[in-house]
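J.: structure for the following, please:
(one chain, ligands or ions: 1)
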Amino acid sequence: MARHAEVAAHPLVAASYPLLADAARLIGDFQIRNRGTIGGSLAHADPSADYPVAMLALEARMVLSKAGGGRRVVGADKFFVGPLTSVLTADEPADRDPIAQAGRARGRRLRQAQPVAGDFALVSVGCS
Ligand SMILES: Cc1cc2nc3c(=O)[nH]c(=O)nc-3n(C[C@H](O)[C@H](O)[C@H](O)COP(=O)(O)OP(=O)(O)OC[C@H]3O[C@@H](n4cnc5c(N)ncnc54)[C@H](O)[C@@H]3O)c2cc1C
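T.: Okay, here's the model as predicted:
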């Protein structure tokens with residue numbers, strides 16, 4: 001449930017996953033960053049969105065907890081199955097800590113968007 005603005009500003013994210021902080025900082029405008037959440041964005045699985053690129057480049061693993069108990073861990077390369085489609089099932093909210101990855105990762109995000117406030121990327125690149 002962490003909002004994009006929180007992810008962008010969190011010192012632990014900046015220290016360990018600067019690529020993720022970069023992605024969060026580039027999302028939409030400040031209203032969007034103050035309202036949108038990392039869980040919501042990943043579950044939405046929009047190919048133009050900023051987190052999926054970062055998650056794939058970081059080889060992130062998503063921790064998916066079943067409402068009735070139990071959990072599974074899914075790599076970002078398996079989590080996104082197509083535009084606006086993920087492997088999430090209706091009873092499977094992404095855990096409050098969707099990233100389980102050891103070590104620090106250096107990365108870089110480049111993004112070209114229309115110069116209109118709040119616009120999604122036209123081209124988006126991430127490497128780690
Ligand atoms: C005008 C505008 C501009 C935008 N620009 C950008 C942009 O430049 N870059 C970008 O990346 N995004 C952009 N977005 C998307 C935005 O960042 C939001 O993340 C996205 O709209 C989803 O909204 P939300 O995070 O509030 O999630 P919600 O709308 O609350 O949820 C989306 C879906 O995910 C499900 N869900 C939510 N949390 C979880 C969870 N933890 N586990 C499982 N399922 C969950 C919900 O049930 C729902 O089906 C933009 C959105 C708007 C409206």
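J.: what about whatever residue of the chain ends up closest to the ligand, how many neighbours?
T.: Closest residue of the chain to the ligand, C-beta to the nearest ligand atom: residue 40 (2.0 Å). Where C-beta positions appear, they are placed from N, C-alpha and C, glycine not excepted. Counted with other C-beta atoms under 10 Å, residues neighbouring residue 40 total 14.
J.: and it, what element?
T.: Using DSSP states H and E, residue 40 sits in helix 38-44.
J.: again, but for residue 51
T.: helix 50-57.
J.: contacting residues around that helix?
T.: 17, 19-20, 22-24, 26-27, 38, 41-42, 45-46, 60, 62, 76-77, 79-80, 99, 107, 109, 111, 121, 124-128 (C-beta atoms under 8 Å, 6 or more residues apart in numbering).
J.: just the buried ones from those residues, in ChimeraX syntax?
T.: Typed into ChimeraX, the line below selects the buried ones among the contacts of helix 50-57, using 16 or more other C-beta atoms under 10 Å:
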select :17,19,20,22,23,24,26,27,38,41,42,45,60,62,76,79,80,99,107,109,111,121,124,126,128
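J.: can you tell me which of the contacts of helix 50-57 end up in strands?
T.: Among these, the ones falling in strands (DSSP state E) are 62, 80, 109, 111, 121, 124, 125, 126, 127.
J.: lowest pLDDT pick from those residues?
T.: Minimum pLDDT for those is recorded at residue 109 (70).
J.: apart from its chain neighbours, what residue comes closest to the residue nearest the centre of the chain?
T.: Central residue of the chain (C-alpha atoms, centre = their mean): residue 51, 3.0 Å from the mean position. Of all residues not flanking residue 51 in the chain, residue 41 sits nearest, at 4.9 Å (C-beta to C-beta, 6 or more residues apart in numbering).
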